[in-house]
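1. Sequence and predicted structure, then a few things I'm wondering about:
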Amino acid sequence: FEFGRDGKPLYVAGPDETPAQIRHRLEQLRRRLGDDGFAFMAPFGDDFDDPDDFDALDDTGTIDAPEDFPLLEGNPGYDPDVAPDPEEWMALDEGDRLYRIEAYHRDAGTELPNENIHAVFHMIVENHIAMGDEMPVRRTVERLMDQDGLGRHDALHAVASVLTGSLFDLMKTGEPAGEAWHEAYRAELGRLTAESWRKKLAEDDGEP
C-alpha cells in the first residue's frame with residue numbers, strides 16, 4: 001500500500017489546528033525525517049514546497065477553512081456504521097479519505113493511541129470493501145454483521161485487527177506482499193469471528 005506524495009509522508013493539517021500546533025508538528029517531522037523528508041498541505045488546501053513558507057501565516061487564532069476548502073466541499077461526512085458509496089469513496093484522494101475518518105473520530109470524542117495509524121487502517125479496510133468481490137473484505141464485514149451481530153464499525157475494527165497482524169508478520173520476514181501473503185490473509189479473514197476478535201482485543205487490552 002502506497003501513501004503520501006512523491007514517495008514522502010504527507011502531513012495534511014486539520015482545519016481546527018492553530019498555526020502554533022502546525023509548527024510544532026512540522027518541527028517534529030523535521031527532526032525525524034529531515035527538512036526535505038516530507039510533504040505538507042495546509043488546512044485550506046494550499047501545498048507548500050517549503051514548509052517554512054507556512055511561517056508567513058498569522059500566529060494567532062485558529063485557521064478557518066474557507067467555503068471552498070476541497071476536503072469539505074460537498075463532504076457528506078464519514079460514518080463507519082454507514083457504508084460509503086464505493087465509487088464516490090474511491091474517487092476521493094487519500095488525504096480526503098483520511099481527513100474524513102479522523103474528523104469522525106475527533107467529533108465522536110474517541111481516544112486513540114495513534115489517531116493517524118487508526119485512520120490509515122480504517123481507510124485500507126474501506127478501500128478493500130469498495131473493491132467489491134476483488135477482495136473478501138466486504139463479504140467478511142457482512143458476515144460479521146449478519147451472523148455475529150457486530151455493528152459495522154466494530155466489524156471494520158475486527159478486519160483491521162487481522163490486517164495489522166498479517167502485515168506485522170510480513171514485516172518480520174522482510175518479504176514483499178506476494179500471493180502467498182494474500183492467500184494467508186484471505187484464510188485468516190475466513191476464520192475471523194466476533195468471538196475471536198473480542199478475545200484478541202482483550203489480550204491486546206486496547207483498540208484494534
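-> It's in.

2. And the helices in this structure, which stretches?
-> For the chain, applying DSSP state H gives helices covering 19-33, 86-91, 94-107, 115-130, 137-146, 152-173, 179-191, 194-204.

3. So which residues make contact with the last one?
-> Read that as helix 194-204. For helix 194-204, contacts defined as C-beta atoms under 8 Å, 6 or more residues apart in numbering pick out 144, 148-150, 154, 157-158, 161, 208. Any C-beta I mention is one placed from the backbone N, CA and C, and that applies to glycine too.

4. Could you dump those into CSV and include neighbour count, distance to Arg32 and pLDDT?
-> Listed next are these as CSV, based on neighbours: other C-beta atoms under 10 Å; distance: C-beta to C-beta, whole Å; pLDDT from 0 to 100:
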residue, neighbour count, distance to Arg32, pLDDT
Leu144, 24, 37, 95
Asp148, 17, 40, 82
Gly149, 10, 42, 86
Leu150, 20, 37, 91
Asp154, 21, 33, 94
His157, 21, 28, 94
Ala158, 26, 32, 95
Ser161, 20, 27, 92
Pro208, 20, 26, 42
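
5. between those, which is nearest Thr110?
-> For the contacts of helix 194-204, the minimum distance to Thr110 (C-beta to C-beta) is 11.3 Å, reached by His157.

6. where's that closest one relative to Met90, distance?
-> The spacing between His157 and Met90, counted by C-beta to C-beta, to the nearest Å, is 21 Å.

7. helices and strands of this structure: which one has the lowest mean pLDDT?
-> Of all helical and strand segments in the chain, the minimum by mean pLDDT, DSSP states H and E falls on strand 47-48, at a mean of 48.

8. so how many other residues sit close to Arg198?
-> 15 (other C-beta atoms under 10 Å).

9. so where's this protein shaky on pLDDT?
-> The model of the chain has pLDDT under 70 over residues 1-6, 14-21, 42-76, 174, 176-177, 205-208.

10. and Phe168, how many neighbours?
-> Considering only other C-beta under 10 Å, Phe168 is surrounded by 9 other residues.

11. hmm, back to that, between the helices of the chain, which gets nearest to Tyr78?
-> helix 94-107 (3.7 Å).

12. Remind me what that closest one packs against, helices and strands.
-> Helices and strands touching helix 94-107, by 3 or more C-beta pairs under 8 Å, 6 or more residues apart in numbering; DSSP states H and E, are strand 10-12, helix 115-130.
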